[in-house]
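In: just to be clear, the model below is a prediction. Sequence and coordinates:
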Amino acid sequence: TKFVYDFTEGNKDLKDLLGGKGANLAEMTNLGLPVPPGFTITTEACKVYLESGAEPVALRDEVSAHLDALEERMGKKLGQADNPLLVSVRSGAKFSMPGMMDTVLNIGLSDKSVQGLAKQAGDDRFAWDSYRRLIQMFGKTVMDVDGELFEEELEKAKRAKKVTVDTDLDAADLKKLVTRFKKIVKTEAGRDFPQDPREQMDLAIHAVFDSWNTDRAKLYRRQERIPGDLGTAVNVCSMVFGNLGPDSGTGVAFTRDPASGHQGVYGDYLQNAQGEDVVAGIRNTVPLAELESIDKKSYDQLMQIMETLENHYKDLCDIEFTIERGQLWMLQTRVGKRTAGAAFRIATQLVDQGLIDEAEALQRVTGAQLAQLMFPRFDDTAHGTKGIELLGRGIAASPGAAVGKAVFDSYTAIKWSRSGEKVILIRRETNPDDLDGMIAAEGILTSRGGKTSHAAVVARGMGKTCVCGAEELEVDTKRRRLTIGDIVVEEGDVVSIDGSTGKVYRGEVPVVPSPVVEYFEGRMHAGADDADELVGAVHRIMAYADRVRRLRVRANADNAEDALRARRFGAQGIGLCRTEHMFLGERREMVEKLILADTDTEREESLKQLLPLQKQDFIELFEAMDGLPVTVRLLDPPLHEFLPDITELSVRVALAESRQDSNENDLRLLQAVHRLHEQNPMLGLRGVRLGLVIPGLFAMQVRAIAEAAADRKNAKGDPRAEIMIPLVGTVQELEIVREEADRVVAEVEEQTGVELKLAIGTMIELPRAALTAGQIAEAAQFFSFGTNDLTQTVWGFSRDDVEASFFTAYLEKGIFGVSPFETIDKDGVGSLVKSAVEAGRATRPDLKLGVCGEHGGDPESVHFFHEVGLDYVSCSPFRIPVARLEAGRAAS
Ligand code: ADP
Ligand code: MG
Ligand code: MG
């Protein structure tokens, strides 16, 4: 295998092998854009290194050959004393992992070659600045020296000279700094800073390989569901210098605004600076538009290149560039991250520009983004009232409305959020060490850094609200407070941050629904202003999705109100109506009587009381869903859930006895509670088992459904009821229930003279049901996969218990990347679903198939259900748009 590719050899489709950065550097090189020459070491080499602990044998020679070619081309040799070639060693995995991996610049500098560099550039200061940067970066990322130590030394040097920015240090200062930095390395790492340039390069390459497995990188991958075994590529790129004086500089740019999608000039530029300076917020950047007056030629060229890139990638790109003495160099590009709203806008804008078609537009947005757009927002009219104070305004870096208690460090953020508090993490700027705190927080607020700062990039990736660069706010992390003028916000005070406007408030700002939800609710239509523009884009994308999707989308809804909302959100029926809520409230007493009944007459009496109530519920539901299918599940939970708590009742009875004042009813109740008490109710007397042992219960429910349907028909309605039997494990159970149900339906038909055609089917939520689906299909007209219970029973764990107990540990250990209750476990539960689908259809080709677990609204799961050929998914009303969109994406 070939382990090294020159930039001229790769292309953008080789991300698996060359990583995102390497693939795109190659693509830009081949587009004829100005990219400093270099080469990429493949992820394959990294994998070998990580697996075996040593780089592949062939790698060294291949690197040497590419280095020779690079030296020849540049007319310099790596680290040569009089005319040094310098390179950067840059990580670059398949998926961009901001701030996770390490890059080292200026490799090749040494005590000798620093002189050569000074002569080459005719600039002493520049050479020593580059050298001190190398020792600092190399020391930190390759030799594991605490970066703070270098920072402190740099601060000291500035203080001693009474200056505030690093550019005010001259060559002599920097030279002294280099001596100090080398001393730090020696003390901390126990060895000298390596003077051999090739050794520097090799060590840096290994450090990049190793950085794949830092805790931070692992955490990020788990969060983003990036597989752990991809490895990273390493890019070796000849250096260009943005720190060669005021006609040099470095910057970042977007081809469109990543927050709104609007075209224009978006980015930050910093004169006389190198690499990370821009994103680290070391000095204040200027908006990219100002580059036009600083260096018109480079600016025009950059605009030209951005247009080329957009037309080539047919998408928003982000860019890193450097200007060396008036010469523009491209150092990175990639399809840029964007906010959820921008994703929808950009997708439709690109369709209008003729760059992509509708099917492609669907691939440019995700259900997760749509879900994010459905979050509520702050009520703009509310400040000025009740202790809400506008503190200031930063950059709207990642949308959403977040309210929480102010915390000033990651540790407190984690601690407080674990104890159930909502927190806002406030920092001057964030760095990768803050990642855990950012995950724990509701939102992130920083006082420094632009749209491309660490906080902004990471928050956008996580879909977390973020306001950054709120410069008026003075953040004092040591004293744990924030000041602005004479207002002081202490740790624990409530703050509200608006990631869509950048506004920061003290106090709890009330929230209002999102315009996208208003649109789905039919209360808002596409028009002209900003929110309307977003709604217009969502409207179009949803229309594409609805046009192409094969899966139908139903709702889990138990009452008319939810059913109506679901319908507005696009539901094509109800896939799961749970009947247990119809047994609560005032009806509880009747249920108690039913459970306590000693004789058939008593039992029939309470069933008779319940019947009209149930019937009325169904009439309302069928009316709300007129013309669409409504799947009603007969009673599922164990009966004891309808009885009082065993401890409370025991105490009450004991107390009464001690007062010799026993209540006959309480005693009977207690007996019943004892009789029905189960060690594992989840696996006990519930579902179809209840229907088989409580005479008349299911018959009453079926009668209520049938009579309600007959009523609706008589009222010229179009009820489409389907009766669903829960927790079936064997076809015999279903046959017995069906016989009774068929009899009841026939009776109702005869009594009312209305023909009903009610479908009867079952849930598939036990492994045995899935395994014998072929037999069960003989008695079922439809299957609905109850993937919540199926997940519990296939894995053998109870959702109510395990999520709080060991799931965190499992997620941390990477046993699963995401809870199997959130995204269907394709290999286990999913394969059972798949074989049950096949077996069921083999028995009954027209068997209707759906799913009604939480998974019905989960994007990844929806794609799976599409693939295995279900007819519909059913999910909570709020997830319906997400399911519609993902069903469309799956089919396009
Ligand atoms: P990241 O993945 O963190 O963005 P990069 O490898 O892109 O890391 O490096 C960070 C920055 O370092 C780049 O944006 C660029 O400004 C600077 N840089 C990297 N390589 C070079 C180079 N060969 N010449 C000049 N600057 C470079
Ligand atoms: Mg970069
Ligand atoms: Mg169930």
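Out: Structure's in. What do you need? Residues are numbered from 1 along each chain as shown. Ligands and ions are numbered 1, 2, ... in the order given.

In: ok so L445 is a strand residue?
Out: Yes - using DSSP: H, G, I helix; E, B strand; the rest coil, the assignment for L445 is a strand.

In: do you know the pLDDT at it?
Out: Per-residue pLDDT puts L445 at 97.

In: doesn't V495 make contact with it?
Out: Yes - under the criterion of C-beta atoms under 8 Å, L445 makes contact with V495 at 7.3 Å. C-beta coordinates here come from the backbone N, C-alpha and C atoms, glycine included.

In: among the two, which residue is more densely surrounded?
Out: L445 (29 against 24; other C-beta atoms under 10 Å).

In: can you tell me what sits against stretch 574-587?
Out: Residues from elsewhere that reach stretch 574-587 (C-beta atoms under 8 Å, 6 or more residues apart in numbering): 554-559, 563, 566, 591, 610, 613-614, 617, 621, 625, 628-637, 641-642, 701, 724, 784, 850-852, 856, 872-875.

In: and for L445 and V495, which residues touch both?
Out: Counting by C-beta under 8 Å, 6+ apart, the shared contacts of L445 and V495 are I424, I426, V504.

In: nearest to G485 among these?
Out: Proximity of the shared contacts of L445 and V495 to G485 (C-beta to C-beta) peaks at V504, which lies at 13.4 Å.

In: now do the phi/psi pair for D476.
Out: Reported as degrees, to the nearest 10, the phi and psi values for D476 are phi -120, psi 100.

In: number of nearby residues for the residue nearest to A207 when sequence neighbours are not counted?
Out: Nearest non-adjacent residue to A207, counting by C-beta to C-beta, 6 or more residues apart in numbering: V142, 4.2 Å away. By other C-beta under 10 Å, 25 other residues sit near V142.

In: show me what contacts V142?
Out: With contacts defined as C-beta under 8 Å, 6+ apart, V142 is in contact with D102, V104, L203, A204, A207.

In: equivalent analysis for L203, please.
Out: Counting by C-beta under 8 Å, 6+ apart, L203 makes contact with F138, V142, P194.

In: what secondary structure does it sit in?
Out: helix.

In: distance check, it against ligand 2.
Out: As judged by C-beta to the ion, to the nearest Å, L203 and ligand 2 stand 21 Å apart.

In: could you pull out the strands for the stretch 401-550 of the chain?
Out: Using DSSP state E, counting those that start in this stretch, the strands assigned to the stretch 401-550 of the chain run over residues 401-407, 423-427, 443-446, 465-468, 474-476, 481-484, 487-490, 494-498, 503-506, 511-512.

In: okay, now the sheet partners of the fourth one, with direction.
Out: Going back to what we said before, that points to strand 465-468. strand 395-398 (antiparallel), strand 443-446 (parallel) (DSSP bridges).

In: now those strands as JSON lines including distance to I487?
Out: Shown next, in JSON lines, are these (distance: least, C-beta to C-beta, whole Å):
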{"stretch": "strand 395-398", "distance to I487": "20"}
{"stretch": "strand 443-446", "distance to I487": "15"}
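
In: which one, of those strands, ends up nearest to ligand 2?
Out: strand 395-398 (17.8 Å; C-beta to the ion).

In: N213: neighbour count?
Out: Using other C-beta under 10 Å, N213 is surrounded by 13 other residues.

In: three-state assignment of it?
Out: Classified using three-state DSSP, N213 is coil.

In: tell me the most buried of the strands of the stretch 401-550 of the chain?
Out: strand 465-468 (a mean of 30; mean count of other C-beta atoms under 10 Å).

In: residues in this structure within reach of ligand 3, list them.
Out: Contact residues (C-beta under 5 Å from the ion) of the chain with ligand 3: E765, G786, D789.

In: among those, which lie within helices?
Out: Members of the residues of the chain next to ligand 3 lying in helices (criterion: DSSP state H): D789.

In: nearest to P513 among the residues of the chain next to ligand 3?
Out: Comparing the residues of the chain next to ligand 3 against P513 with C-beta to C-beta picks out G786 as the nearest, at 31.0 Å.

In: my read: the closest one touches H855, true?
Out: No - G786 lies out of contact with H855 (C-beta under 8 Å); the separation is 10.0 Å.

In: how's the chain carved up into domains?
Out: 4-238, 249-335, 375-512, 549-638+678-891 (automatic domain parsing).

In: ends of the longest one, what's the gap?
Out: If I follow you right, that is domain 549-638+678-891. End-to-end span of domain 549-638+678-891 (C-alpha to C-alpha, to the nearest Å): 5 Å.

In: nearest to E324, of the strands of the stretch 401-550 of the chain?
Out: E324 sits nearest to strand 465-468 of all those, at 28.6 Å, using C-beta to C-beta.

In: how far does that closest one sit from the chain's center?
Out: With C-alpha atoms, centre = their mean, to the nearest Å as the basis, strand 465-468 stands 16 Å off its chain's centre.

In: ok, stretch 321-338 next?
Out: Distance of stretch 321-338 from the chain centroid (C-alpha atoms, centre = their mean) equals 28 Å.

In: what about it, near ligand 1?
Out: Yes - contact between stretch 321-338 and ligand 1 is present through T322, L331, Q332 (criterion: C-beta under 6 Å from any ligand atom).

In: now swap in stretch 190-205 and tell me
Out: No - counting by C-beta under 6 Å from any ligand atom, ligand 1 has no neighbours in stretch 190-205; the shortest distance is 11.5 Å.

In: A887: neighbour count?
Out: Neighbours of A887 under the rule other C-beta under 10 Å: 26.

In: what average pLDDT does the helix or strand hosting it get?
Out: Following DSSP states H and E, one finds A887 within helix 880-891. On average, the pLDDT along helix 880-891 is 97.

In: likewise for stretch 192-201?
Out: Model confidence over stretch 192-201, given as mean pLDDT, is 97.

In: check stretch 709-727 too.
Out: Mean per-residue pLDDT for stretch 709-727: 97.

In: any buried residues in that stretch, and which?
Out: For stretch 709-727, the neighbour count (16 or more other C-beta atoms under 10 Å) marks 709-713, 717, 719-727 as buried.

In: restricted to helices, list these.
Out: With DSSP H as the criterion, helices contain A709, A710, D711, R712, K713 from among the buried residues of stretch 709-727.

In: adding distance to T40, write those out as TSV.
Out: Converted to TSV, these look like this (distance: C-beta to C-beta, whole Å):
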residue	distance to T40
A709	66
A710	72
D711	71
R712	67
K713	70
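
In: so which of those residues is the closest to M524?
Out: Top of the list for closeness to M524, among those and by C-beta to C-beta, is R712 at 32.0 Å.

In: so the closest one is in contact with I705, correct?
Out: No - using C-beta under 8 Å, R712 makes no contact with I705, being 10.7 Å away.

In: what's the spacing between stretch 775-792 and its chain's center?
Out: With C-alpha atoms, centre = their mean, you get 30 Å for stretch 775-792.

In: I'd like to know the average pLDDT value across it.
Out: Confidence over stretch 775-792, taken as the mean pLDDT, stands at 97.

In: in it, what counts as buried?
Out: So stretch 775-792, judged by 16+ other C-beta under 10 Å, has buried residues 775-777, 779-787, 789-792.

In: please name the residues that touch L373.
Out: When contacts are counted by C-beta under 8 Å, 6+ apart, L373 touches A340, G341, F344, S514, V516, L534, V538.

In: quick one: it and P513, what's the gap?
Out: 11 Å (C-beta to C-beta, to the nearest Å).

In: and E429, by the same measure?
Out: Separation of E429 from P513 (C-beta to C-beta): 33 Å.

In: which stretches of the stretch 701-850 of the chain form helices?
Out: Listed in chain order, the helices of the stretch 701-850 of the chain (DSSP state H, counting those that start in this stretch) span 731-752, 767-771, 773-776, 787-795, 799-805, 807-812, 831-843.

In: rebuild those as CSV, extending it with distance to S892.
Out: Below are those laid out as CSV (distance: least, C-beta to C-beta, whole Å):
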stretch, distance to S892
helix 731-752, 37
helix 767-771, 30
helix 773-776, 30
helix 787-795, 24
helix 799-805, 33
helix 807-812, 32
helix 831-843, 22
